[in-house]
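Q: need the 3D shape of this:
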Amino acid sequence: MARKPRIHFPGALYHVMVRGNAGQDIFTDDKDRCRFLLFLQEGIERYGHRVLAFCLMTNHVHLAIQVGSVPLSRIMQNLDSRYTRWMNWRLHRTGHLLQGRYSAILVDADNYLLELVAYLHLNPVRAGMTDTPDAYPWSSHHAYLGRETIPWLQPETTLSLFAPEIGLARQRFARFVAEHLADGHKDEFHGKASIDSRLMGEDHFVEDVLDRTESLPAIKPCVDEVLAAVSKLYGVDIATLAAPSQERRLSEARSLAAWAVHNLTDAPLKELAVRLNREISSLSSSNRRFEQRQMIEQDGDGKISRLKQALQLAILQT
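A: Sure thing, here's the model as predicted:
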């Protein structure tokens, strides 16, 4: 049976689980764990999502990630590839480190955020690695209690649900986690207790998400449609985009095309490189610079929004 596609919309909260390939360990020491967290931080800076909680185990990782406009697949692809390259370099080897497909359950944040964070922090207890989450150094639990500062972590979202005053919120959070200390494995946080294995929440939440998903186009645009839409947006033909000129406006158009192919299609960037007579590395760099600018400017001129609308119209007309 074919796997169902990932569900994405801005603000979606996911319980993400990343496991070692064939159950192998993904951390050999604390240096590896620090490097993983560094890549996690740099991904936040690049893609603009939020990490609300984390727990690094020996052969797997749990994350609570709330996405923005960039889908979770892009975020995890970046994290996976960077950390795998690091480990292969460090251990002088090649090959896959992590399972090919991470697990991600879209969680009803309004009703289950507190339980999700507690569940993540209690992983070492359930695994018999420690008696309390306080004694485990590689989760976000210490940051939630105010004993550690992690600038890129955002515990405030969860703590604010306990009390407006941070000290009282931390006390109540600690008490809440302690109350769940004896809890075992929960199928619902692994997609096994819902009418859809991709979702965790009350029936109305699941139905609302599925309705929203069904209203989205199932077909992704192709490279030709991206080039046609970008050409129209900038008032130039494709031949001009493929010309050697480095005029700023044309460079920006190519960057937008690279971003769209990378984020909105299933096509490899190599296909666009061939059409535009460019090196893949050049388009990849253009895409990264474009994404960084957009994080600052937040699509100030509306070009991304207009491009998406044009591509949706092109899909509907095919």
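
Q: can you pull the domain assignment for this structure?
A: The chain breaks down by automatic domain parsing into domains covering 13-214, 223-317.

Q: okay, those domains in CSV with distance to I7 next?
A: (C-beta placed from N, C-alpha, C; glycine too.) Listed next are the domains of the chain as CSV, based on distance: least, C-beta to C-beta, whole Å:
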stretch, distance to I7
domain 13-214, 5
domain 223-317, 16
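
Q: which stretches of the stretch 151-300 of the chain form helices?
A: 156-159, 166-179, 203-214, 223-234, 238-241, 248-264, 269-276, 280-297 (DSSP state H, counting those that start in this stretch).

Q: out of those helices, nearest to D187?
A: Put simply, out of the helices of the stretch 151-300 of the chain the one that sits nearest D187 is helix 203-214, at 15.0 Å, with distance taken as C-beta to C-beta.

Q: just to revisit the earlier point, turn the helices of the stretch 151-300 of the chain into TSV, including distance to I105 and mean pLDDT.
A: TSV is the format used below for those (distance: least, C-beta to C-beta, whole Å; pLDDT from 0 to 100):
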stretch	distance to I105	mean pLDDT
helix 156-159	17	95
helix 166-179	20	97
helix 203-214	11	62
helix 223-234	31	90
helix 238-241	41	90
helix 248-264	23	89
helix 269-276	30	90
helix 280-297	26	76
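
Q: let's have these in TSV, adding distance to T28 and mean neighbour count.
A: Conversion of the helices of the stretch 151-300 of the chain to TSV gives the following (distance: least, C-beta to C-beta, whole Å; neighbours: other C-beta atoms under 10 Å):
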stretch	distance to T28	mean neighbour count
helix 156-159	31	18
helix 166-179	29	15
helix 203-214	39	14
helix 223-234	41	19
helix 238-241	47	14
helix 248-264	32	20
helix 269-276	33	17
helix 280-297	30	15
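
Q: nearest to M57, out of these?
A: Nearest of the helices of the stretch 151-300 of the chain to M57, taken as C-beta to C-beta: helix 166-179 at 17.3 Å.

Q: V236 versus S282, what's the distance?
A: 19 Å (C-beta to C-beta, to the nearest Å).

Q: of all the residues in the host helix or strand of D110, which ones are buried?
A: Under the criterion of DSSP states H and E, D110 resides in helix 109-121. With burial defined by 16 or more other C-beta atoms under 10 Å, the residues of helix 109-121 counted as buried are 109, 112-121.

Q: can you check what angle separates that helix from helix 166-179?
A: Orientation of helix 109-121 against helix 166-179 (axes from the mean of the first three to the mean of the last three C-alpha atoms, to 10 degrees) gives an angle of 70 degrees.

Q: next helix or strand past helix 109-121?
A: Counting by DSSP H and E, the next helix or strand C-terminal to helix 109-121 is helix 123-126.

Q: quick one on the thing from earlier: out of the helices of the stretch 151-300 of the chain, nearest to Q309?
A: The minimum distance between Q309 and these falls on helix 223-234, with 9.0 Å, by C-beta to C-beta.
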